[in-house]
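Participant: need a structure here:
(chains A and B)
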Number of protein chains: 2
Amino acid sequence: MSDRLVLHEDPISGNCYKIRLTAALVGVAIERRAYDITKGETRTPEFLAEVNANGRIPVLQVGDRFLPESNAACVYLAEGLPFIPENRFARADMLRWMFFEQYNHEPNVATLRFWLTVVGEGALDAVQTAAIPGKRAGGEAALALMDRELAARDWLVGEGPTLADLMLYPYTHVAGEAGFDLSGYPAVERWLSRIETLPGYVAMKG
Amino acid sequence: MSDRLVLHEDPISGNCYKIRLTAALVGVAIERRAYDITKGETRTPEFLAEVNANGRIPVLQVGDRFLPESNAACVYLAEGLPFIPENRFARADMLRWMFFEQYNHEPNVATLRFWLTVVGEGALDAVQTAAIPGKRAGGEAALALMDRELAARDWLVGEGPTLADLMLYPYTHVAGEAGFDLSGYPAVERWLSRIETLPGYVAMKG
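Facilitator: Here you go, the predicted structure:
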């Protein structure tokens, strides 16, 4: 891999951590450039023009090209490696869990965590406050689905860890900060430990 | 492709149409089995046990295996074909738009369409009604981002149509039903026409 890799990130974001975790596990060095999303640093004219017109992080810079969306960036990093299965159905099934993560897990678990730990419950507006019960139920449903799946198998797809596991790990392992009690999901807890013993694993903070 | 392919779908769903459109464009025959989501037909014990524990459609059945998530199913169908670029960065960039679709476009444009055309604005609950302005703004932002991109190029990724285009087409072309005025996005309108002239194109209804 000859292109220079730069992760444009906010260190508090689990979506950014996905890319640092994947890079560490596949053994690729990436530079890091930090922005503070709570100060609007990803909404400046410069950021919108040069890094991501969507105003969001993470963005993986590959040479002079910019790749938004954490899950897409991790596919780029892991191409040709065992974290992406070779079998056609298994590869699609991996993507199935990655889309599940962005649709059913992240908007519930990650958003609640951001609201409760960064914004603060007292500072939420009325629409956000009204949305909490739905996001709580959606997050519990996502965790329950993972727990049922992981009660029967060690990894979400096939016999070893794939990007499906690596993309669902970051917000699941801090779901407690979003008010979820993981002790109700014992298969998920065992799976979290399994990921934390992978060679090259790095923690979210640090 | 020797496995029998069955699409478990609700014909009103744009997510299900993604799979029919992709199958038609790649020239693969799929059987169709219809469920009515407004009657809870994807929440029955049989559906949850046999088709998708997440209670959602579409699900692409491949032989005796079941693949939820529309975008993952379309990757399965299009593997090895030009709708998935061979270049590593372009392939990741295609996935970037597909994750954008599920995170920034579908939850805004498709949800508003469902609320306004299926549920009915008068039948929405207070939380849904309060969420409308945010979803309206999110949908406009997604369409504006696409319009800026498509003002400079014919297709979202590279020089020809990819799954990025095919996954964003279904809910964009019916965004009017969700209350969006596409005449404000002329590059998007030209792109919709471009997709509708692809050989093998099938319409959503019918």
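Participant: Give me the nearest residue to A:Leu95, chain neighbours excluded.
Facilitator: In this structure, A:Leu95 finds its nearest non-sequential neighbour in B:Ala72, 4.0 Å apart by CB to CB, 6 or more residues apart in numbering or on different chains. For every residue, glycine as well, the C-beta is placed using N, CA and C.
Participant: And that neighbour, how close does it get to B:Phe66?
Facilitator: 11 Å (CB to CB, to the nearest Å).
Participant: Following element in sequence after the lowest-mean-pLDDT helix or strand in chain A, please.
Facilitator: The helix or strand of chain A with the poorest confidence is helix A:45-50; it has a mean of 94 (mean pLDDT, DSSP states H and E). Later in the chain than helix A:45-50, the nearest helix or strand by DSSP states H and E is strand A:59-62.
Participant: Who are the packing partners of that following strand?
Facilitator: Where contact means 3 or more CB pairs under 8 Å, 6 or more residues apart in numbering or on different chains; DSSP states H and E, strand A:59-62 is packed against strand A:5-9, strand A:65-68, helix A:70-78.
Participant: Distance check, the residue lying farthest from the centre of chain A against chain B.
Facilitator: In chain A, the greatest distance from the average C-alpha position (CA atoms, centre = their mean) is reached by A:Ala126, at 27.1 Å. According to CB to the nearest CB, to the nearest Å, A:Ala126 and chain B sit 7 Å apart.
Participant: Could you do A:Thr42 as well?
Facilitator: Computed as CB to the nearest CB, the A:Thr42 to chain B distance reads 14 Å.
Participant: burial measure for that residue, as a count.
Facilitator: The number of residues packed near A:Thr42 is 21, by other CB atoms under 10 Å in any protein chain shown.
Participant: who touches it in this structure?
Facilitator: A:Asp10, A:Tyr35, A:Val51, A:Asn52, A:Gly55, A:Arg56, A:Ile57 (CB atoms under 8 Å, 6 or more residues apart in numbering or on different chains).
Participant: Redo those residues as JSON lines? Include distance to B:Gly122, pLDDT and neighbour count.
Facilitator: Compiled in JSON lines, these are given as follows (distance: CB to CB, whole Å; pLDDT from 0 to 100; neighbours: other CB atoms under 10 Å in any protein chain shown):
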{"residue": "A:Asp10", "distance to B:Gly122": "41", "pLDDT": "93", "neighbour count": "19"}
{"residue": "A:Tyr35", "distance to B:Gly122": "43", "pLDDT": "96", "neighbour count": "22"}
{"residue": "A:Val51", "distance to B:Gly122": "43", "pLDDT": "95", "neighbour count": "21"}
{"residue": "A:Asn52", "distance to B:Gly122": "39", "pLDDT": "94", "neighbour count": "19"}
{"residue": "A:Gly55", "distance to B:Gly122": "35", "pLDDT": "93", "neighbour count": "16"}
{"residue": "A:Arg56", "distance to B:Gly122": "34", "pLDDT": "93", "neighbour count": "22"}
{"residue": "A:Ile57", "distance to B:Gly122": "39", "pLDDT": "94", "neighbour count": "24"}
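Participant: thinking again about what came up before, now, of the helices and strands packed on strand A:59-62, which is deepest in the fold?
Facilitator: The highest mean neighbour count among the helices and strands packed on strand A:59-62, using mean count of other CB atoms under 10 Å in any protein chain shown, belongs to helix A:70-78: a mean of 25.
Participant: Just the angle for the top helix by length along chain A relative to helix B:126-151, thanks.
Facilitator: When chain A is parsed with DSSP state H, its longest helix is helix A:126-151. If you take axes from the mean of the first three to the mean of the last three CA atoms, to 10 degrees, helix A:126-151 sits at 80 degrees to helix B:126-151.
Participant: buried ones in whatever helix or strand comes next after helix A:126-151?
Facilitator: Per DSSP H and E, the first helix or strand lying C-terminal to helix A:126-151 is helix A:163-173. Residues of helix A:163-173 classed as buried: A:Leu163, A:Ala164, A:Asp165, A:Leu166, A:Met167, A:Leu168, A:Tyr169, A:Pro170, A:Tyr171, A:Thr172, A:His173 (neighbour count, 16 or more other CB atoms under 10 Å in any protein chain shown).
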